[in-house]
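In: One predicted model, sequence on top.
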Amino acid sequence: MSFNKTLFEDFVGSLGLNFFNANELLVGRYRPDNGPPPLTLWHNIVPTILILDHLREHLGVGVKLISAYRTEAYNDPSKNAGRAPLSQHQAFTAIDFRVTGMKPDAIVPILRGWENKEWFWSPIDFQRKPVKVSKGNIPFGEMPRKVSAGVLGCWFTFRGFVKPYMKHNFTHLDTRGVLAGEDDDGE
């Protein structure tokens, strides 16, 4: 199935984001061996981008997305050193980003402080899908959430992984739905 950009724009528009758009979520789609996320994975990014939208509002400064979805071919660690074979980017649950005027190690405590504590609103009741790649199953679980009868959308809490990459000045955020250890490689 070919990628329908208009449909993707409509989907992202339905999320009520204040600071991000569909084009930003397609960062890197034209890189060799990469492409846009398949329709089946679109719901996977919902909690991640909503948390980043909240972070942008919380900080009051710009947030630039530098990596989101990656195909398995593009993510291949044998071609791209440092990439995790079971990267959350392949499940479209991860975003790497930079914050204007802030170092990654200053961002991490804010996001970790929200884990399993802060509730975020999604205007859609997202239905995420686990992903299997040739190297195995990408770690995946559900986000704790509350759904109210007769109300569209849901509340969810952040459960995932945050890692600062000081050398390259970016932060990795994913919403894998399971808590990751400090030594985990979320890339």
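Out: Great, that's in hand.

In: Return the mean pLDDT over the longest helix belonging to the chain, rounded to an integer.
Out: Across the chain, the longest stretch assigned as helix under DSSP state H is helix 46-59. Mean pLDDT, computed over helix 46-59, is 98.

In: what residues does that helix touch?
Out: 12, 15, 17-20, 25, 62-63, 65, 93-95, 97, 99, 102, 107, 110-111, 114, 118, 120-122, 124, 126, 128, 143, 156, 158, 160, 173-175 (Cβ atoms under 8 Å, 6 or more residues apart in numbering). The C-beta positions use only the backbone N, C-alpha and C, and glycine is treated the same way.

In: how about the helices of the protein, start to end?
Out: For the chain, the helices defined by DSSP H occupy 5-13, 22-25, 46-59, 72-75, 104-114.

In: Please convert those to TSV, extending it with mean neighbour count and distance to residue 87.
Out: What follows is the helices of the chain, written out as TSV (neighbours: other Cβ atoms under 10 Å; distance: least, Cβ to Cβ, whole Å):
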stretch	mean neighbour count	distance to residue 87
helix 5-13	14	21
helix 22-25	19	16
helix 46-59	20	13
helix 72-75	18	5
helix 104-114	15	18
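
In: export these to JSON lines and tack on distance to residue 165?
Out: Converted to JSON lines, the helices of the chain look like this (distance: least, Cβ to Cβ, whole Å):
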{"stretch": "helix 5-13", "distance to residue 165": "25"}
{"stretch": "helix 22-25", "distance to residue 165": "19"}
{"stretch": "helix 46-59", "distance to residue 165": "16"}
{"stretch": "helix 72-75", "distance to residue 165": "16"}
{"stretch": "helix 104-114", "distance to residue 165": "6"}
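
In: Residue 147 is nearest to which of those helices?
Out: Closest to residue 147 of those is helix 46-59 (Cβ to Cβ; 13.8 Å).

In: So which helix or strand of the chain has the lowest pLDDT on average?
Out: Ranked by mean pLDDT, DSSP states H and E, the helix or strand of the chain with the weakest confidence is strand 145-146, at a mean of 89.
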